[in-house]
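# next come a sequence and a model predicted from it.
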Amino acid sequence: MKRRILALLLSAAMCLTMFGGCAQGNTSSQGAESGSSAQSSNASQGEVSSTDTITVVDHGGNTVEVPKEIDRVAVVGILPFPSVIAMYLGSAEKLVGIPPASKSAAEIGLLGEIFPEILNAETGYTNGSDLNIEELMNLDPDVVFYLAGNDEWKTAMESAGIPCIGVSTSKWDYDVLETYDQWIDLLSQVFPEENKSQEVSDYSKEMYDMIQERVGSLSDEEKKEILFLYQYDDSQIVTSGKHFFGQFWAEAVGGKNAAEEVQADNSNAVINMEQVYTWDPDVVFITNFTAAMPDDLYNNALGNDWSSVKAVKDKAVYKMPLGSYRSFTPGTDTPVTLLWLAQKTYPELFDDIDLTQEVKEYYKDIYGVELTDEQVDRMYNPEAHAAEGTQK
């Protein structure tokens, strides 16, 4: 209570603008490093500075003291992060505030079903790109996770006496596996009693290595051209260029990013159909940051003619999984998303792997969550369930 009174004296209502985050629309998440996803899980496991606090080094290199006992957590700007926290802790009860896009993903995906308490989290302090510091203070958070590098938010929260931890989505050059590993490592500093760093790192590395063993012998000519549709509607086509997650995903499954020549950062890689015709991708993956579905390409439903594109002719257009969060970004789905992408890109190389069983074992072994076959099917076939009206 004293902290909130001091905070009210020190800061007024502030709305601050963020440039980044995995949001719907044109705002996007960043993040990752190279494919081995080796984890430095013992690098900084949160030094105990007193009986009441833990010292954490965040992704911005800041040393932050947080309470040893944390009961109230808020997140701003890192849209996949609430789902990672919930899975890591095995509960969303500590999450008192999350961005609206994080909540919508929980509502339409499985996270809200697995941890229904996440649907009670407040969202009014942020719209995903702005922060209302007074509304955040009203939540009385013990700690706030925010987009590393947003110094305005950091200053506002520090002035309000709120411990805040920067989380990076771009520090590891968009390697999705490494970013996921580093997020878990950070959480293992803050919640050391739940440390899952080694298990996550080992599983990610094992999955990556298995895929590399199978695709490693592909010649350059055999590697498939993959196009990611980050957003697609009748007004724009947005892909992943070289400086976004699609580059890592394509290379990690033994393919090529068809849009590698596009140098735009993050989700700003706007393209046109003439470029698509020139690239003529073998496979197209549509993210969950757009409402578009494979049938929209097969039926030319959004104002463009896709009929001559190889992926369309071969019926190799897929909607990405909607699991604990939108799977194009880093998150707890990341290692099994990699397997799913590999299977869809080179089905003949991975036809012996039961994806449903692998996903169920992964979530049970790492996070103690037991999924049903039907739940896994909903995660990995979102277009089918959207057609049935079971997803928004």
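The structure has been received and is ready for your questions.

# quick check: which element contains Glu158?
Here Glu158 sits within helix 151-159, counting by DSSP states H and E.

# quick check: mean pLDDT across that helix?
Mean per-residue pLDDT for helix 151-159: 96.

# what packs against that helix?
In terms of contacts (3 or more CB pairs under 8 Å, 6 or more residues apart in numbering; DSSP states H and E), helix 151-159 is packed against helix 133-138, strand 143-147, strand 164-167. Where C-beta positions appear, they are placed from N, C-alpha and C, glycine not excepted.

# walk me through which strands the second one pairs with, and which way each runs.
Put plainly, it is strand 143-147. Using DSSP bridges, the strands paired with strand 143-147 are strand 73-76 (parallel), strand 164-167 (parallel).

# alpha carbons of that strand, as PDB, please.
This file holds the C-alpha atoms of strand 143-147, laid out as PDB (Å, rounded to 0.1, in the frame of the first residue of the first chain):
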ATOM      1  CA  VAL A 143       6.300  -7.500 -10.900                       C
ATOM      2  CA  VAL A 144       5.600  -6.400 -14.500                       C
ATOM      3  CA  PHE A 145       7.200  -8.000 -17.500                       C
ATOM      4  CA  TYR A 146       7.500  -5.500 -20.400                       C
ATOM      5  CA  LEU A 147       9.100  -5.200 -23.800                       C
END
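
# and the strands in the stretch 1-150 of the chain, which stretches?
Taking DSSP state E, counting those that start in this stretch as the test, the strands found in the stretch 1-150 of the chain are 47-48, 53-57, 63-67, 73-76, 95-97, 143-147.

# distance of Asp354 relative to Val336?
12 Å (CB to CB, to the nearest Å).

# please apply the same query to Leu297.
As judged by CB to CB, Leu297 and Val336 stand 25 Å apart.

# more crowded one of Asp354 and Val336?
Neighbours were counted for Asp354 and for Val336 using other CB atoms under 10 Å; Val336 has more, 24 against 9.

# helix, strand, or coil at the more buried one?
Following DSSP: H, G, I helix; E, B strand; the rest coil, the label given to Val336 is helix.

# name the element the residue lying closest to it once chain neighbours are set aside belongs to?
Nearest residue to Val336 in three dimensions, chain neighbours excluded: Val359, at 5.0 Å (CB to CB, 6 or more residues apart in numbering). Element membership of Val359 [criterion: DSSP H and E] is helix 355-367.

# cool, and Val284?
In this structure, Val284 sits in strand 283-286 according to DSSP H and E.

# that strand pairs with which strands, parallel or anti?
When DSSP bridges is applied, strand 283-286 pairs with strand 225-232 (parallel), strand 317-319 (parallel).

# redo the ones you listed as CSV? Include distance to Gly166, mean pLDDT and mean neighbour count.
CSV is the format used below for these (distance: least, CB to CB, whole Å; pLDDT from 0 to 100; neighbours: other CB atoms under 10 Å):
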stretch, distance to Gly166, mean pLDDT, mean neighbour count
strand 225-232, 25, 97, 25
strand 317-319, 32, 97, 23
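
# what's the closest of these to Ile108?
Proximity to Ile108 (CB to CB) singles out strand 317-319 among the strands paired with strand 283-286, at 12.8 Å.

# give me the contacts around that closest one.
Here strand 317-319 makes contact (CB atoms under 8 Å, 6 or more residues apart in numbering) with 283-286, 288, 293-294, 297-298, 311, 344, 382-383.
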